[in-house]
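Student: pasting a predicted model and its sequence here:
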Amino acid sequence: MSTPIKHVVIVVFLLLSACSDSALNNPYSESEHTEKIIYTAFSERPKHLDPAKAYSSNEYAIIAQVYEPLFQYHYLKRPYQLEPLLAASMPTVSYFDYTGAQLPVDAADAHIAYSEYQLSIMPKVSFQPHPSFNVALHKELPLEWSGENVYDLPLTSRQLTSDDFIYQIKRLADPATQSPIAGLMGNYIVGFTEFSAKQTALKKQYPMLRKTQRLQSESMLGVKRIDDLNFSIRIKGKYPQFINWLAMPFFAPMPWEADEFYSNPNLQKKNISLDWFPVGTGPYYLQENNPNRRMVLAKNPNFHDEFYPTDGAADSREKGLLNDAGKKLPLTDKVMFSLEKESIPYWNKFLQGYYDSSGISSDSFDQAVSFSGAGDVGLTEDMLEREIDLQTAVTTSSYYLGFNMLDKVLGGYTEKAKKLRQAISIVVDYEEYISIFQNGRGVPAQSIIPPGIFGHVAGDKGINQAVYTVQNGVQRRSVEEAKALLAEAGYANGIDSSTAKPLVLYFDTMDSGPDSKARLNWLRKQFNKLNIQLVIRGTDYNRFQEKMRNGNAQMFMWGWNADYPDPENFLFLLYGKNAKAVHGGENAANYQNELFDALFETMSTMDNTPQREAIINQMIAITQDDAPWLWGFHPKAFSLHHAWYKNVNPNLMANNKTKYINIDPAQRHEYQAAWNKPVYWPLVVLLLVFICLLMPAYVIYRRIERSTAL
Amino acid sequence: MINYILRRLLYVLPVLVGVNILTFLLFFVVNTPDDMARMQLGDKHVSQAAVDNWKAQRGYDLPLLWNEEEEGFAQASKTIFFEKSVGLFVFDLGASDNGRDIIADISQRMWPSLAIAIPSLIFGVLANITFALLLIFYRGSYLEFGGLFICITLMSISGLFYIIAGQYFIGKLLVLTPISGYAPGMDAVKFIILPVLIGIVGGLGSGVRWYRTLFLEESAKDYVRTAKAKGLSDLQILFKHVLKNALIPILTGIVVILPLLFMGSLITESFFGIPGLGSYTIDAISSQDFAIVRSMVFLGSFLYIIGLLLTDISYTLVDPRVRLD
């Protein structure tokens, strides 16, 4: 390109770039390039940032960096291990009988009426600087305040005390908060339900009473303040998984001042509320919150001393995960979440270096991932050239196809029904499903428990013998075997022997649109292997949920993500007392088996011992034989990271991983500059084409102008 | 004219009442208050008590249209319909079902939408009119045929394709603009160049053909022949006289949409990460947020009526023969 033309084009684009001195396509401020900022995105605005309400991964991506519960999962150690976060130490648990007498630590579960957790918190932990701690602002906001950013108000802080944890537990119980775990915690924490009822009554009796006063005026029987740094929680019975709940943001401390400050109606009119502007003790605070554009977390200047782990799993050092060992956390200054609703622009900006990491959508899978002849997953040449790193991890989730055990045809516990379900389990080929619809990103499930959770059995021993055979390597049982089972069930060749009519089964789904057509056709094809006619009953979200609640669906697909790394959190999905249609629980298949239920009750309160493992194996064997689910698959998460994004370690339980991530901004800037050099020549070609078009236009113009009117 | 405007404004009231009733019925035929609560509360650990509590907190525990338990006027007023509708008529849109103030949300999100919509409209209309007039000017030549061919080609391509192709060529291959994103103030310029350009090019095919039809009809009139006979050049006739006389149908198409511009474009804003209002209503429908749905439908209807009124008024400005009585 000749120099003058090039200069013209550059000048035009600089003008168009509104005199900005940043790179033409750089979506961020050029001045940020030396800062340690993590650039990431969100596709959907979070519904809640109040730790009492938030329960989704996109909400945790923000609040788990701002709020800190008592415990956290060790970033590097496996199996997942809890460690103190705001707690000074792990809790001591005491057991009591119905009379209130203390029991020995090894007391039988049947004798334990209450468990009490003694909790100590770290001293000298301060909340982030926030105007809510300036009590004068509770009454009146300064007139000169613009009303846009709460951090423009006078900021102050105070030290964390046990009262803040207690206040948050009361918030969980308060019906006005509408916490999703209020019902569940009501089953465990002593006095929780009563406190909740009392709050409803108080609200009705004194509608003008302030929320903070209302919550502080009553105490909860099971939650006791001992002193500024100690408190206890008493729960009903023995529930060892309770400590996992204490590691979730639900139990993060909440200063009463925050509730009081945000109750100002002038703030609510500006959408400034506790649900949108959190107040925590975590490594970051939410500096900017525009959920329609971007959210920015900035380093909390008051963050207490926390250091990068100095030990981890055996291969942590080898993977370079201990390079920052002992450094004060967080390792970055800011985290910028930009709104990116569509996967294509996200992916392209990742390739330009403007996002530090990315998942892989189906659209870009082939561009990023290649499989070797042996089936090993690797990166394509293009990705390797860019020094992009691929991390894979089997998630602690299960996606399954459930049979409604209350259904007259498929449900029930007769040999006939069981064989029908087993036959279907054999022919629905999840290996094929994963290959076609998941780009190979998943492992076929052998049972309800995913890898990484205690009780999961890897290798041949864990194979579901009802569906696979291990005689000549692991192989899915043949369609002939399935047909034989079907015949034994009374449906030889897909014909119901009692009516002589073809067997017709119904699959209820919310995804019946054009995007799901291929998936549903595949499912029909699987049932066709047994000459079973599958009818797809497409429905909307509301009706689907209603069918599930009423037990009217025959077959359905559903999934579950672990709340915490304990087999109880999966096995409870088949516990009889959780049957959805009967008790409104999470057992969507409405499976009920007395032996399974008894074993569940025993197993759920045990520590992870060989005895517990044996019970779990027995439970798995029962369910594999009964086949209330097609066990489906456990998705495999693929994520890509640029070379400057360090300390990435798949930890499926921890939500507060951001503080461990390190960034090399110089390297990022260098790569961004190399990958984003503007290309001007096509513009010049376009200009030339336009000029070429002008010439005949001019000729015709002259002809028209010279022609006579008539 | 003032009488006419007042009369038209009075017509607004029954129309808005009708729209409000229709929105209410359509929404609650599909979603019950229980469904709304379950959607907001999520899938995990949701009990009926939590659902009832959610409804009570937001006033969805009342009967939909008629309250048998009350007496007199309260039978109608102590209902979801009445309580959720009254505020609308004084433009008190209230809070969304997840607690955010709707007016505050709209006033925050309308500016990015306008930042895209206004330049797209102005430059789009200018480009369409210019090209349409040029096609008339070159009528019968191969330039016209070529131009029409390009117009039909442009019309035949999906809007989504323009966005994806634009992002690919200009944002990814040529690296001249950010692929997506937004910044407030003057920094917004570099982010809106691409969506505005795509908006203009994407609308060019149909726009040029539409304006060409208008101008063709106008150019066949006697005054054009007279002007030509008087010795005016074709360009003068087209850009001075034909354009002026074709303004009524042009205004009909443009003025009516002016008040609705702030509502944004769903697809453009989604792909370019523009924090506008484009997806506000759609997101509300999918999350079953009735408070937002009713507010946006109400506002949309009101602004559409205002747009029609403005169109009528604009006729009097461009054509002295038009009188609004």
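Tutor: Structure's in. What do you need? Numbers count the residues shown, from 1 in each chain, chains lettered A, B, ... in the order given.

Student: for residue 64, which non-adjacent residue is spatially closest?
Tutor: No chain in the question, so chain A it is. A:N655 (3.5 Å; C-beta to C-beta, 6 or more residues apart in numbering or on different chains). (Glycine included, C-beta is placed from N, CA and C.)

Student: look at chain B instead
Tutor: Leaving aside its chain neighbours, B:L64 sits nearest to B:I80 (5.3 Å; criterion: C-beta to C-beta, 6+ apart).

Student: before we move on, which element is residue 116 in?
Tutor: Just so you know, I chose chain A. strand A:114-120 (DSSP states H and E).

Student: ah, no, chain B please
Tutor: Going by DSSP H and E, B:I116 is part of helix B:102-137.

Student: any idea how far A:S57 is from A:P567?
Tutor: Separation of A:S57 from A:P567 (C-beta to C-beta, to the nearest Å): 21 Å.

Student: do the same with B:M36
Tutor: 35 Å.

Student: out of the two, which sits in the busier spot?
Tutor: Using other C-beta atoms under 10 Å in any protein chain shown, the more surrounded residue of B:M36 and A:P567 is A:P567, with 28 against 24.

Student: which residues touch the more buried one?
Tutor: Residues near A:P567 by C-beta atoms under 8 Å, 6 or more residues apart in numbering or on different chains: A:449, A:453-455, A:603, A:616.

Student: ok, now how distant is the residue lying closest to it once chain neighbours are set aside from B:E83?
Tutor: Closest residue to A:P567 apart from its sequence neighbours, by C-beta to C-beta, 6+ apart: A:G455 at 3.9 Å. Separation of A:G455 from B:E83 (C-beta to C-beta): 51 Å.

Student: what about the two, which has more around it?
Tutor: Set side by side, A:G455 and B:E83 show more neighbours around A:G455, with 23 against 14, by other C-beta under 10 Å.

Student: look at the more buried one and report its pLDDT.
Tutor: A:G455 is assigned 94 on the pLDDT scale.

Student: what do you get for A:H7?
Tutor: 56.

Student: pull up the residues of the stretch 1-150 of chain B that are close to chain A.
Tutor: Within the stretch 1-150 of chain B, the positions near chain A by C-beta under 8 Å from any C-beta of the partner chain are B:30-32, B:35, B:38-42, B:44-50, B:53-54, B:57, B:95, B:98-101, B:103-105, B:108-109, B:112, B:137-138, B:141, B:143.

Student: mind redoing it with 6 Å?
Tutor: Listed as neighbours of chain A in the stretch 1-150 of chain B under the rule C-beta under 6 Å from any C-beta of the partner chain: B:35, B:42, B:45, B:47, B:50, B:53-54, B:98, B:100-101, B:104, B:109, B:138, B:141.

Student: can you lay out those as JSON lines showing pLDDT?
Tutor: Converted to JSON lines, the residues of the stretch 1-150 of chain B next to chain A look like this (pLDDT from 0 to 100):
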{"residue": "B:D35", "pLDDT": "90"}
{"residue": "B:G42", "pLDDT": "79"}
{"residue": "B:H45", "pLDDT": "76"}
{"residue": "B:S47", "pLDDT": "81"}
{"residue": "B:A50", "pLDDT": "86"}
{"residue": "B:N53", "pLDDT": "87"}
{"residue": "B:W54", "pLDDT": "89"}
{"residue": "B:N98", "pLDDT": "81"}
{"residue": "B:R100", "pLDDT": "86"}
{"residue": "B:D101", "pLDDT": "89"}
{"residue": "B:A104", "pLDDT": "90"}
{"residue": "B:R109", "pLDDT": "91"}
{"residue": "B:Y138", "pLDDT": "90"}
{"residue": "B:S141", "pLDDT": "88"}
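
Student: now which of those would you call buried?
Tutor: Buried residues within the residues of the stretch 1-150 of chain B next to chain A, counting neighbours by 16 or more other C-beta atoms under 10 Å in any protein chain shown: B:35, B:42, B:45, B:47, B:50, B:53-54, B:98, B:100-101, B:104, B:109, B:138, B:141.

Student: circling back: what's the closest of the residues of the stretch 1-150 of chain B next to chain A to B:T268?
Tutor: Comparing the residues of the stretch 1-150 of chain B next to chain A against B:T268 with C-beta to C-beta places B:R109 closest, at 14.0 Å.

Student: circling back: right, and the residue nearest to B:L64 touches B:W66 too?
Tutor: No: if you go by C-beta atoms under 6 Å, B:I80 and B:W66 don't touch, sitting 10.5 Å apart.

Student: tell me what the helix or strand that contains B:I192 is packed against?
Tutor: Assignment of secondary structure by DSSP H and E places B:I192 within helix B:189-219. With contacts defined as 3 or more C-beta pairs under 6 Å, 6 or more residues apart in numbering or on different chains; DSSP states H and E, the packing partners of helix B:189-219 are helix B:102-137, helix B:142-156, helix B:159-166.

Student: so what touches stretch A:306-314?
Tutor: A:75-78, A:324-329 (C-beta atoms under 6 Å, 6 or more residues apart in numbering or on different chains).
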